[in-house]
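Visitor: Here is my input; please provide its structure:
(one chain, ligands or ions: 3)
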Amino acid sequence: MTITLADDELLVAERFGPTVQGEGPSTGRRAVFVRLMNCNLTCKTCDTPYTWDDSRFDLDAEATVTSVSDLLAWATAQPVDLVVITGGEPLIQQRRLIALAQGLVDAGLRVEIETNGTIAPAPDLLAWVSQFNVSPKLSTFGAGMPASKRIKRRVLGHFAVSGRAVFKFVVSSIADLDEITELVSSHDLAPVYVMPEGRTAEEVTRRLAEIADPAIERGFHLSTRLHLLTWGDQRGR
Ligand SMILES: Nc1nc2[nH]cc(C(=O)O)c2c(=O)[nH]1
Ligand code: SF4
Ligand SMILES: [Mg+2]
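Guide: Numbering: from 1, shown residues only. Ligands and ions are numbered 1, 2, ... in the order given. This is a model prediction of the structure:
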């Protein structure tokens, strides 16, 4: 990527909505989304490779340089009270997110950030974000990447004590639950949601049924992927 940004600009992949938050504790809540470019991980089954994978996508063409004031004007004009900032990995651009989050909260909106849990939020951002939905990548989903890249234990600990984080693990098989249990007990992660991996409604429904009872038994909450069940694997929903 060759784009340079001013201090008040973000590199945006897409903005969409009104739709609903499809994952985690706010599932079903009306929301608009801002999806930022770039990621520091390379998950093989990533559902938004157009934000980071330059071997498959022309990232310069995918990206739109957008000012914070433009995003604020857009989001505050929407008939919803929740803005979800996602990616890619949005915390790569966290310095520029502070003014956006502050502006949204000042306008009376709730702000959630979806993050992979490898980058610690600065105190100035933590202060303005209502909730971080932290989704660490397990060895199945993050296959091919070393654990040291996917799991930043210090960062997870930081989120755990922040009072602003919920943890949401994408589960591909029951074996993933052991890995989650280890992370949860080592770092006192709470609350913990598990969510089935899947790109079709059938896959999500089947996996959820597989993992539901063992997850409940281990003390985890469940999440589905409501947007996928409702609209399928459509971009911008
Ligand atoms: N409706 C809807 N809910 C979502 N929750 C997290 C999403 C994401 O892509 O991070 C997402 C998404 O892409 N769409
Ligand atoms: S962390 Fe998220 S956005 Fe980044 S590659 Fe993995 S699934 Fe995709
Ligand atoms: Mg998505």
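Visitor: alpha carbons only for contacts and neighbour counts from here, please
Guide: OK.
Visitor: Which residues of the protein lie near ligand 2?
Guide: Residues of the chain found near ligand 2 (C-alpha under 6 Å from any ligand atom) are 39, 41, 42, 43, 46, 48, 87, 88, 89, 116.
Visitor: Sitting in helices, which of the residues you listed do you find?
Guide: Assigned to helices by DSSP state H, none of the residues of the chain next to ligand 2 qualify.
Visitor: Mind putting those into TSV with neighbour count and distance to residue 142?
Guide: TSV is the format used below for those (neighbours: other C-alpha atoms under 10 Å; distance: C-alpha to C-alpha, whole Å):
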residue	neighbour count	distance to residue 142
39	20	13
41	18	8
42	17	8
43	19	5
46	16	9
48	17	14
87	27	16
88	28	14
89	25	14
116	28	11
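Visitor: and the lengthiest strand in the chain, which residues are buried?
Guide: In the chain, taking DSSP state E as the definition, the longest strand is strand 9-20. For strand 9-20, the neighbour count (16 or more other C-alpha atoms under 10 Å) marks 9, 10, 11, 12, 13, 14, 15, 17, 18, 19, 20 as buried.
Visitor: Tell me the spacing between the residue nearest to residue 18 when sequence neighbours are not counted and residue 83.
Guide: Using C-alpha to C-alpha, 6 or more residues apart in numbering and skipping the chain neighbours, the partner closest in space to residue 18 is residue 32 (4.9 Å). Distance, residue 32 to residue 83, by C-alpha to C-alpha, to the nearest Å: 5 Å.
Visitor: do residue 123 as well
Guide: From residue 123 to residue 83 the distance is 20 Å (C-alpha to C-alpha).
Visitor: Which other helices and strands does the helix or strand harbouring residue 94 contact?
Guide: According to DSSP states H and E, residue 94 maps onto helix 94-106. Where contact means 3 or more C-alpha pairs under 8 Å, 6 or more residues apart in numbering; DSSP states H and E, helix 94-106 is packed against strand 9-20, helix 68-76, strand 110-115, helix 123-126.
Visitor: Hey, what's the angle from the second one to helix 94-106? Just curious.
Guide: Pointing back at helix 68-76 there. 40 degrees (axes from the mean of the first three to the mean of the last three C-alpha atoms, to 10 degrees).
Visitor: same check, this time on the third one
Guide: Using the same axes, to 10 degrees, one finds that strand 110-115 and helix 94-106 are set 160 degrees apart in direction.
Visitor: Strand 110-115 - what's its average pLDDT?
Guide: Taken as a whole, strand 110-115 has a mean pLDDT of 99.
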